[in-house]
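[1] coords below, sequence missing:
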């Protein structure tokens, strides 16, 4: 059996009582494929309207692994939440070094007075600021070849063409739900860079 390149879609579900803004999801399949997506906002109890398409390999001689990192802010942009499977401070250090704080403060200035409207739609300037802040938060992690602080959740043959859902829970856990199986990790909250 040879190696087969496959694709799957990934969505985020906000299973908390608060809106998530400036959401960034990074996927790395070892050092072969890298993917990322940013969302402006996901209201409490809602799912991302668009998904991230990821590539991965399956087959007998496949040695790669799927690694995941997700981050988001509270609506006032004062608190950063991020997946932290092994409670690595180094992950936050990498985020903090990569973000000047200007994008976060600018997004917070725009987002703080704005309430999320029905369906998670933000006004265009607020949405653009939220996406820019999300991207700035994970640029350094995305560009790095390192996966320290990432959660491993392996995609298999059964997941090809299907949706894997990443569920952010109120109890500071994150559930990865795929056709082939589920896994869990935790997330950490800290003061946002530049705040």
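    Noted; the coordinates are in hand. Given the structure is predicted, the values throughout are model-derived calculations rather than measurements.

[2] who are the contact partners of residue 185?
    83-85, 151, 173-174, 176 (CB atoms under 8 Å, 6 or more residues apart in numbering). Every residue, glycine included, has its C-beta placed from N, CA and C.

[3] for the residues you listed, which one is nearest residue 37?
    Nearest to residue 37 among the contacts of residue 185 is residue 83, at 14.7 Å by CB to CB.

[4] mind listing the strands for this protein?
    4-15, 20-29, 33-42, 52-58, 66-73, 79-83, 151-152, 163-169, 173-178, 181-191 (DSSP state E).

[5] export those strands as JSON lines, with columns for distance to residue 129 and mean pLDDT.
    Converted to JSON lines, these look like this (distance: least, CB to CB, whole Å; pLDDT from 0 to 100):
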{"stretch": "strand 4-15", "distance to residue 129": "19", "mean pLDDT": "97"}
{"stretch": "strand 20-29", "distance to residue 129": "8", "mean pLDDT": "95"}
{"stretch": "strand 33-42", "distance to residue 129": "8", "mean pLDDT": "95"}
{"stretch": "strand 52-58", "distance to residue 129": "21", "mean pLDDT": "97"}
{"stretch": "strand 66-73", "distance to residue 129": "11", "mean pLDDT": "94"}
{"stretch": "strand 79-83", "distance to residue 129": "15", "mean pLDDT": "92"}
{"stretch": "strand 151-152", "distance to residue 129": "27", "mean pLDDT": "93"}
{"stretch": "strand 163-169", "distance to residue 129": "21", "mean pLDDT": "98"}
{"stretch": "strand 173-178", "distance to residue 129": "25", "mean pLDDT": "98"}
{"stretch": "strand 181-191", "distance to residue 129": "19", "mean pLDDT": "93"}
